[in-house]
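1. no sequence on this one, just coordinates:
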């Protein structure tokens, strides 16, 4: 499905620990995005990337960092996880015909 | 700043009935508009999109949407719903083609009753 995969699919972690989520794409798309989905809030943009080593903040970037050292991989890191970061995280890419193609999501629980 | 409002949190319709989901957007220029569908526990799938041209756009699964600039709306419609249409629907707006940085609405959950 458009060659975008997220890992892990599920993760439970403890408050204060670092967590890294991975988004991998196989189609050489330039733009990649990380969103979080929470009930009542829809999807909110955390960070995005417009190329290798080129990233920028979205509307809910506090507590998150990202890295893109290769075109195909976009990593999202929670430096010190908090319970408010319990969420479902989606990665997306922009295909040639516009819009987004989403990954299957990562369900993260911070206990 | 761009924004999207989906005023209906939850809608229930009977199978075979028509459907309209509302979406209002706020954006200063010509927007790029999208509808996505999410089945429980799944990712989001693109239903349709509007960039320019004909204001009535056709999508997958028999859905269509109409862009009305004067009303800042992009409502989603289907003439006859099927039980498999039960899902959550998200409207989104973006500034331009390419690095779209989409802004999503909060979603409308659709329930289908027999």
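-> All right, it came through fine. Note that the coordinates shown come from a computational prediction; the quantities given were computed from them, not determined experimentally.

2. before we move on, could you check phi and psi at the residue most central in space within chain B?
-> Taking CA atoms, centre = their mean as the criterion, residue B:35 is the residue nearest the geometric centre of chain B, at 3.4 Å. Per-residue torsions, residue B:35: phi -120, psi 130 (degrees, to the nearest 10).

3. mind listing what it touches?
-> B:21, B:23, B:46-49, B:59, B:63, B:65, B:74, B:76, B:89-92 (CB atoms under 8 Å, 6 or more residues apart in numbering or on different chains). C-beta: built from backbone N, CA, C; applies to glycine.

4. run the last query once more with 10 Å
-> By CB atoms under 10 Å, 6 or more residues apart in numbering or on different chains, the contact set of residue B:35 is A:99, B:21, B:23, B:45-50, B:57, B:59, B:63-65, B:74-76, B:89-92, B:105.

5. neighbours around residue 107, how many?
-> Reading this off chain A. Per other CB atoms under 10 Å in any protein chain shown, the neighbour tally for residue A:107 reads 15.

6. think we crossed wires, I meant chain B
-> By other CB under 10 Å, 24 other residues sit near residue B:107.

7. after the helix or strand containing residue B:37 comes which helix or strand?
-> Residue B:37 belongs to strand B:32-38 when assigned by DSSP states H and E. Counting by DSSP H and E, the next helix or strand C-terminal to strand B:32-38 is strand B:44-50.

8. Wondering if that following strand reaches chain A at all.
-> Yes - under the criterion of CB under 10 Å from any CB of the partner chain, strand B:44-50 makes contact with chain A via B:44, B:45, B:46, B:47, B:48, B:49, B:50.

9. For that strand, which strands pair with it and how are they oriented?
-> Strand B:44-50 has the following strand partners under DSSP bridges: strand B:32-38 (antiparallel).

10. For chain A, which element, helix or strand, carries the lowest mean pLDDT?
-> Every helix and strand in chain A was compared by mean pLDDT, DSSP states H and E; the lowest is strand A:101-102, with a mean of 92.

11. Name the spans of the chain whose pLDDT lies under the cut-off.
-> You didn't pick a chain, so chain A it is. Within chain A, the stretches with pLDDT under 70 are A:1-2.

12. right idea, wrong chain: chain B
-> Counting by pLDDT under 70, chain B contains low-confidence ranges at B:96-100.

13. Spell out which parts of it neighbour chain A.
-> Residues of chain B found near chain A (CB under 10 Å from any CB) are B:1, B:4, B:6, B:9, B:32-36, B:38, B:41-51, B:88, B:90-92, B:94, B:96-107.

14. what packs against the longest strand along chain A?
-> Using DSSP state E to define each element, chain A has its longest strand at strand A:42-51. When contacts are defined as 3 or more CB pairs under 10 Å, 6 or more residues apart in numbering or on different chains; DSSP states H and E, strand A:42-51 sits against strand A:32-38, strand A:54-57, strand A:64-70, strand A:73-78, strand A:87-93, strand B:87-94, strand B:103-104.

15. Could you give the bridge partners of the spatially closest residue to residue A:73 that is not a sequence neighbour?
-> Counting by CB to CB, 6 or more residues apart in numbering or on different chains, the nearest residue to residue A:73 once its immediate chain neighbours are dropped is residue A:24, at 5.5 Å. Taking DSSP bridges, one finds residue A:5, residue A:73 as the beta-bridge partners of residue A:24.
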